[in-house]
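[1] No letters, just coordinates:
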């Protein structure tokens, strides 16, 4: 067979090979649905905000079956007084990336499911997570304003106040001798004031509803 | 001087690098919570007719008090028996490896088919621990403050919640490593009676994986598998008493027709099988295990949510 010198050698397409995103060096985390219980609240910067928990979608966890069906888990959560927060409660205007829903998936050593307000970036071989706490709290306010989560019961706030008061009493006993304890008493007093102010806002129903910012939707 | 025997001249008589005889494990959290006494072992579900195990709960042994009848011949009324139940649904978890004959044959460090089979036990233990950590975020009661480091006060707060609810001991706290070091930091500033308790001193020493000591009568475990909370700003560990969380398992029934092909290493519920593909000279090792975890009684635990 004669040699054909007219054939051109192919050029390596290195850019295409390297453009594949490397997975993050982190173990996977299961998908989840947020849920809220009327007893779970937190005071954050003078505001009472719901403290959400996660209903994991991992099979075998809290009655999620081996197909990943969460029906039984949802029923159990409902019986326990939890309210499930569906993905649709998070409009695109509430997330940093302008996409609706509150779950995002990144590729690590398995799919990493996190909230829309967390995003990973590489720092050499390490993974650093950026967190948009302000954005997350804005969404919590939105959930309250839209009626997905009812305002806190006074007994819950009383319990929070009692916890702070117990902590203050314990620190105050040592405040004469221990400068750390003295400082802690001042901090707890400030927390108590913030809690009272937060409760006053809820009680007077003066919490301003956050105005959703109109963002351009990201093309998928 | 010439013809010295030097390393750089022994190209055919020296190796570029050799393997150490021992494998060093890559850094990972390998502590297992599966068998801690505070975790309710609901047993094996095999041969019982369902993949869902219901743990019956009844108000017996002092739940209802005897009441005065109000008269010598007054009729005692029936008292309704309070009952409840909590379900645990098991699911299948698996780990599979495949190794070629050449890789197996040339091994000099212990990375063989047998070693890969033994690895199934560790994989199972970590899967259960991961599931338990995923479970404990969901207690109704909470302690700690979002965005604020875990302190001794938060620890007391969680402990008091359990004590006020008369939760049975032993108590166990499962915290993220950052939460444990925050607690250590807080302990450093403690004064009064607490500073003289031996456990307080012990808590300040460096901690490896898993068991991090006992503080105020609570067994402390640290695990990097403790999930995040509040948009990733916090971690949601927990303190709980015996029976707050339960684990059920399911063991694969031995199949006589397979001879000894189905193995159960170290008496576990993990079914390990080998699969030989002669055409490609590959041996696959698959471990299958079935388990489920669930909160059994919400009042027996407290989610500890603090800055991470």
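    Cool, the structure landed. As the structure is a prediction and not an experimental result, all values here were calculated from the model. Numbering: from 1, shown residues only, chains lettered A, B, ... in the order given.
[2] Which residue ranges of chain B form strands?
    B:40-44, B:52-58, B:83-89, B:91-100, B:142-143, B:171-175, B:210-215, B:218-222, B:228-229, B:234-240, B:245-250, B:271-277, B:282-295, B:301-307 (DSSP state E).
[3] among those, which gets the worst mean confidence?
    Lowest mean pLDDT within those: strand B:210-215, at a mean of 83.
[4] Taking strand B:171-175 as reference, get the angle to that strand.
    When axes from the mean of the first three to the mean of the last three C-alpha atoms, to 10 degrees is applied, the directions of strand B:210-215 and strand B:171-175 differ by 130 degrees.
[5] Quick check: neighbours of strand B:210-215 in the sheet, parallel or antiparallel?
    According to DSSP bridges, strand B:210-215 has the following sheet partners: strand B:218-222 (antiparallel).
[6] Provide a list of residues in contact with residue A:76.
    A:62, A:63, B:86, B:87, B:294 (C-beta atoms under 8 Å, 6 or more residues apart in numbering or on different chains). Where C-beta positions appear, they are placed from N, C-alpha and C, glycine not excepted.
[7] Need the per-residue pLDDT for the closest residue in space to the third one that isn't next to it in sequence.
    Read it as residue B:86. Distances taken as C-beta to C-beta, 6 or more residues apart in numbering or on different chains put residue B:296 closest to residue B:86, at 4.2 Å, once the chain neighbours are dropped. For residue B:296, the model assigns a pLDDT of 93.
[8] residues contacting residue B:296?
    Applying C-beta under 8 Å, 6+ apart, the residues contacting residue B:296 are B:40, B:55, B:57, B:86, B:88, B:243, B:244, B:245, B:246.
[9] Could you confirm residue A:202 falls within a strand?
    No. Counting by DSSP: H, G, I helix; E, B strand; the rest coil, residue A:202 is not found in a strand; it is helix.
[10] Can you give me the domain assignment for chain A?
    A:23-150, A:153-205 (automatic domain parsing).
[11] can you put those in a markdown table and add mean pLDDT?
    Listed next are these as a markdown table, based on pLDDT from 0 to 100:
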| stretch | mean pLDDT |
| --- | --- |
| domain A:23-150 | 92 |
| domain A:153-205 | 85 |
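[12] for the ones you listed, which one ends up most surrounded?
    Neighbour counts (mean count of other C-beta atoms under 10 Å in any protein chain shown) averaged over each of these peak at domain A:23-150, with a mean of 18.
[13] and residue B:27, which of the domains of chain A is closest to it?
    Distance to residue B:27, taken as C-beta to C-beta, is lowest for domain A:23-150 among the domains of chain A, at 10.9 Å.
[14] Helices along chain A, start to end?
    Here chain A has its helices, by DSSP state H, at A:14-18, A:71-79, A:133-145, A:154-172, A:179-203.
[15] of all those helices, which lies closest to residue B:177?
    helix A:133-145 (21.3 Å).
[16] So what touches the closest one?
    In contact with helix A:133-145 (C-beta under 8 Å, 6+ apart) are residues A:44, A:47, A:49-50, A:52, A:85, A:89-90, A:94-96, A:102, A:115, A:117, A:149, A:151, A:207, A:209-210, A:212, B:147, B:230-231, B:233.
[17] what bridges to the closest residue to residue B:180 other than its chain neighbours?
    Nearest residue to residue B:180, sequence neighbours excluded (C-beta to C-beta, 6+ apart): residue B:222, at 4.4 Å. Counting by DSSP bridges, residue B:222 is bridged to residue B:175, residue B:210.
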